[in-house]
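**Student:** Quick one: sequence and predicted model below, then my questions.
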Amino acid sequence: MNEEQLDDLILQSLEHELGGIKVYEKAVECAVNSDLKEEWGKYLEQTRTHVQILETVCAAFGLDPRREALSRGIVRTIGSALLEAMQVALDTGDSVAAELVACEAVVLAETKDHLDWELLGKCAKQLSGERRTHLEQACDKVEDEEDEHLYHTRGWCRELWLKSLGLSPVLPPPEEEHDVKTAIGAARAEQASNRARSRATDKGGHTMAARSRASRKSASTKTKARKSTGRAKTTTRKSATKTSRKASGAKTLAQRKVKKAMTERKAGKLKSGRSGKKVTSRKQAIAIGLSEARKRGAKIPKKKK
């Protein structure tokens, strides 16, 4: 393995994460959707941690984290261009456009970031001793978060673009709802988004056809009364079905959020929103998961004291 190129990759990755902090700070400023703003705020804090992790890797490899190189300059230039694009969009006063530009900027930045960490993981397997240990530990801590950053933001970018085009968006995107962290999961999430849009389109088409048929028909008073009764029954059934689905949806969302919180607790990554301390209690993790589900709109009754 080319050791000199590995050193360059580590320094490039560090420069990219440093630039990533600025990209997320500006992206949060551009975000209009409250869920997206919250998501990017979390990624910003994780990116700051990634910088610290890479600085530790530099120390283990005997690298000066401030050492300049041509590749670092190029990475910095690309990051500056993304920041400039977001600022230009903000200056126009078009908040929808600024949010879309920010989504695209984050996707571009995270694509490079994702590749860097994937390459570092492959390099770690070719090393031995303490250098291998340090690099593998760094990749284990970061790679899942980088997967989430890329796949979730791509989902947000797609759905917000569809919204701006007047099509039927799925918000929050399926990538976030299902906590996608793999390429296969991202593909399935996009398929789920397409199915949801297809159902919405079909439903709209059937409604228009029914209205058209009703306008062409001239029914007797008795027939109208029957239709009225039939529609009332149908509406009652639909209302009951919709209520049932909402309850089921709230339960499913709560289950996903609680599962995510429990997973983060076991990994030592779950922190209290108020104190910022690491959460070790199972009950507290469940409470955090339920709280997150409520923020997403799930109607979950609070526990009676």
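**Tutor:** Alright, I've got the coordinates.
**Student:** Over to the residue positioned nearest the centre of the chain: give its phi and psi.
**Tutor:** The centroid of the chain falls nearest to H152 when counting by CA atoms, centre = their mean (2.8 Å). Here is the backbone geometry of H152 (degrees, to the nearest 10): phi -70, psi -40.
**Student:** With adjacent residues omitted, what lies nearest to D7?
**Tutor:** Excluding its sequence neighbours, the residue lying closest to D7 (CB to CB, 6 or more residues apart in numbering) is L63, at 5.9 Å. Just so you know, the C-beta spots here come from the backbone N, C-alpha and C atoms, and that holds for glycine as well.
**Student:** Let me know the pLDDT of that neighbour.
**Tutor:** For L63, the model assigns a pLDDT of 97.
**Student:** List the contacts of it.
**Tutor:** Shown in contact with L63 (CB atoms under 8 Å, 6 or more residues apart in numbering): 7, 10-11.
**Student:** In contact with A60, which residues?
**Tutor:** For A60, the contacting residues are 130-131, 134-135, by CB under 8 Å, 6+ apart.
**Student:** Can I have the buried ones of those residues as a ChimeraX selection?
**Tutor:** Buried subset of the contacts of A60, written as a ChimeraX selection, criterion 16 or more other CB atoms under 10 Å:
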select :131,134,135
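**Student:** Closest one of the contacts of A60 to L83?
**Tutor:** Nearest to L83 out of these is L135 (CB to CB; 29.2 Å).
**Student:** Sketch out the low-pLDDT regions of the stretch 151-300 of the chain for me.
**Tutor:** Residue ranges of the stretch 151-300 of the chain with pLDDT under 70: 201-251, 299.
**Student:** So the residue nearest to D7 lies in a helix, does it not?
**Tutor:** No. Assigned with DSSP: H, G, I helix; E, B strand; the rest coil, L63 falls outside any helix and is coil.
**Student:** State the distance from it to G155.
**Tutor:** L63 sits 35 Å away from G155, going by CB to CB, to the nearest Å.
**Student:** And for E3?
**Tutor:** Counting by CB to CB, the gap from E3 to G155 is 38 Å.
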